[in-house]
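In: Please find the sequence and the predicted model below.
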Amino acid sequence: MAPSANGQTVGRRLPVESAFTRVEDARHRLPRLFGRRDLVVLGLGVMIGSGIFSISGNQAATVAGPAVIISFVIAAIVCVLAAACYAELSSTIPVSGSAYTFSYVTFGEMWAWLVGWALVLELVTAAAIVARVWSAYFLATLDGFGVTLPAGVAKFFGPNAEVNLVAPVLLLILTALIVTGTKLSARVLTVVVIAKVAVILLVVIVGAAHINMANYHPFVPMARAAPATASPTLLGWILDSSFGSFGIMGIFTAASSIVFAYIGFDLIATASEDARSPRKTVPQGMLLGVGAVTILYIAMAVVLVGMRPYGKLGGSAPVSEAMAAVGVGWAAKVVNLGALLALMTVIMVVLIAQSRVLFNMGRDGLLPKSLGRVSRVYSSPARAAAAAGVAALALTLYPKVLELEELLVIGALFCFAFCAIGVLTLRRSEPNLERGFRVPMVPLIPLLSLGATLWLMLNMKTSTWTKFGIWMAIGLAIYGLYGRWHSRLANEDSWDFDIGDTDPGTGGLQAIRPDPNELRAVRTPPHEQHKPSRGKHMRN
């Protein structure tokens, strides 16, 4: 086995120049299709989904009460801090792979694999869960228009059905759309995002007229002990105390789950290689997307809790049920249609992001190289997209997939933590590297991001931690048996990605690149580091 370029095995790191040249010199690379507006739409497409239409009501009913509004604020703060760290790293290393690539450059191959493996967990679980939730709103929409399915058929449509037929069909259709090209899916995504934002604004305006202030009391319900059979949070296990639900700790417990609603800004980083002028547009897309969705989420939470007592918000479609309860039946129908659109775009963006992660890991040799190919016919990583869709389809067949919601959150938080540390590490190891966006008040902001992320992780259930540990152990085994030996970095001298390793009709794609120097490592001379450089960075 050929040694790695730096003489190591597990701890080998990808040189920052190689992260760029692997894209610029590769035959299999992605065409640049996304501008800033497209990236904002991409973020909104995945963030505006079950967080507004499902999680807010369920967390209010079972965990936090009206104080779920504070839970949304806490989750927003955590994600804004994390988004700032993601923005700097993605503007410094603007290639596909998101936190996986950042970790490969900053920490080394094994850590990058673990981060990539956590991303796979996050994305495949998200697609499977949201597909099941979509089926609930599909039934509610049919019922709202007077279409009642026979009991023998309806049992295959529910989100908790032993055999769900709707979710797999939806995943098949969306996977086909992703495989056939990013440009087509981006156009569909833009139209759908505009429609669902309009629906949300309508709900906020109409719902605000039916707010009952009595529903906000008590704002923080009295804490309740957890059932004896319930899994405690990790913090409760460490302190040998069961916090249960509601009360002050209920706010933080709900915030840990509500982070799921904000997951999406990090997926913009996976599209860096698809973006034009990524040093500038990717950070802007992240921060604008998080800001917009935070306003929408908090407004929706305020209206939802005000319309109906929090104990009645635990249904399968909380928002439409609340609208119907206050006598606005027509709005409930609009909400159901909006939810169908919203959740569909969530799945679409998640599958796009998953395909980019698998594509990058395949291109690096940590997964089979066939995943790292771009189809000449569709100008997309078709094999990686197909693999992402098949994995999500297989998981959504699991009847209790909705119980895995916290599992995808802990995968995202794991990546958040690495990005916070990565900003500090890369500032020290590569201080002269050009950055299109710089996190202010370093090291304070990255440390706050790390602390907030770890705090939310402590408030997750021990059963979630156990499942996450098993998943990561499986990942380590795969890396030890396959990735470590097939890594491109370990076999740089013998690696041949272009000759004799491409299928007919899939090689030779030349990506559209208006600026041939757009992707390159740029280092600022030390004597120029302290000069005002914002304009220069943004132009680059």
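Out: On my side now, so go ahead. Numbering: from 1, shown residues only.

In: Low-confidence regions, the chain specifically.
Out: Along the chain, the model assigns pLDDT under 70 to residues 1-11, 21-34, 50-51, 181-186, 226-229, 240-243, 273-274, 378-379, 492-540.

In: In terms of helices and strands, where is the closest residue to L408 other than its chain neighbours?
Out: Excluding its sequence neighbours, the residue lying closest to L408 (Cβ to Cβ, 6 or more residues apart in numbering) is T125, at 3.9 Å. Backbone N, C-alpha and C define where each C-beta goes, glycine included. Assigned by DSSP states H and E, T125 belongs to helix 109-144.

In: Next secondary structure after that helix?
Out: Immediately after helix 109-144, counting by DSSP H and E, sits helix 151-154.

In: Outside of that following helix itself, list whatever touches it.
Out: Helix 151-154 is contacted from outside by L139, using Cβ atoms under 8 Å, 6 or more residues apart in numbering.

In: gap between W471 and Y104?
Out: Going from W471 to Y104 by Cβ to Cβ, to the nearest Å gives 20 Å.

In: and what of L450?
Out: Counting by Cβ to Cβ, the gap from L450 to Y104 is 20 Å.

In: Settle it for me: which of these two has more neighbours?
Out: The neighbour count for L450 versus Y104, taken as other Cβ atoms under 10 Å, is higher for Y104 (31 against 22).

In: for H486, what are its contacts?
Out: 365-366.

In: how close does it get to K312?
Out: Distance from H486 to K312, by Cβ to Cβ: 54 Å.

In: Ok, M47 next?
Out: 26 Å.

In: Wait, P221 touches G65, no?
Out: Yes. Using Cβ atoms under 8 Å, P221 is in contact with G65, at 4.0 Å.

In: any shared contact partners between those two?
Out: 246, 250, 310.

In: nearest to G480, of those residues?
Out: Nearest to G480, judged by Cβ to Cβ, of those is G250 at 40.7 Å.

In: what about the closest one, how many neighbours?
Out: For G250, using other Cβ under 10 Å, the count is 26.

In: Give the buried residues for the one helix or strand it maps to.
Out: Using DSSP H and E, G250 falls within helix 247-262. By neighbour count with 16 or more other Cβ atoms under 10 Å, helix 247-262 contains the buried residues 247, 249-262.

In: Show me what that helix is packed against.
Out: helix 56-59, helix 68-92, helix 278-307, helix 405-429, helix 444-458 (3 or more Cβ pairs under 8 Å, 6 or more residues apart in numbering; DSSP states H and E).

In: which residue packs closest to R132, ignoring adjacent ones?
Out: Nearest one to R132, counting by Cβ to Cβ, 6+ apart, is P159 at 4.5 Å.

In: and the one you found, what does it touch?
Out: P159 touches 132-133, 135-136, 316, 402, counting by Cβ under 8 Å, 6+ apart.

In: what's the answer for P399, then?
Out: Here P399 is in contact with 160-164 (Cβ under 8 Å, 6+ apart).

In: How about the secondary structure of it?
Out: Classification of P399 by DSSP: H, G, I helix; E, B strand; the rest coil places it in coil.

In: Just want the phi and psi numbers for it.
Out: phi -60, psi -30 (degrees, to the nearest 10).

In: Please report the distance of it from S375.
Out: 34 Å.

In: do E405 as well
Out: For E405, the distance to S375 equals 33 Å [Cβ to Cβ].

In: Check A167 too.
Out: Using Cβ to Cβ, we find A167 at a distance of 26 Å from S375.

In: now swap in G411 and tell me
Out: 28 Å.

In: Also G250?
Out: Separation of G250 from S375 (Cβ to Cβ): 48 Å.

In: next one: R488
Out: R488 is 21 Å from S375, by Cβ to Cβ.

In: one step back: from the shared contacts of P221 and G65, pick the one nearest V423.
Out: Nearest member of the shared contacts of P221 and G65 to V423, counting by Cβ to Cβ, is G250, at 31.7 Å.

In: From what I see, that closest one and A61 are in contact.
Out: No. Contact criterion Cβ under 8 Å: G250 and A61 do not qualify, at 11.5 Å.

In: ok, how many other residues are close to the closest residue to S449 other than its chain neighbours?
Out: Nearest residue to S449 in three dimensions, chain neighbours excluded: L81, at 3.7 Å (Cβ to Cβ, 6+ apart). Using other Cβ under 10 Å, L81 is surrounded by 22 other residues.

In: again, but for R428
Out: 9.

In: Which one's more surrounded, M47 and K312?
Out: Shown here are M47 and K312; by other Cβ under 10 Å, M47 has more neighbours (28 against 16).

In: Contacts only, for that one.
Out: Applying Cβ under 8 Å, 6+ apart, the residues contacting M47 are 261-265, 289-290, 293.

In: got the residues you listed as a markdown table, with distance to M441 columns?
Out: Converted to a markdown table, the contacts of M47 look like this (distance: Cβ to Cβ, whole Å):
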| residue | distance to M441 |
| --- | --- |
| A261 | 27 |
| Y262 | 22 |
| I263 | 25 |
| G264 | 25 |
| F265 | 20 |
| G289 | 22 |
| V290 | 18 |
| V293 | 24 |
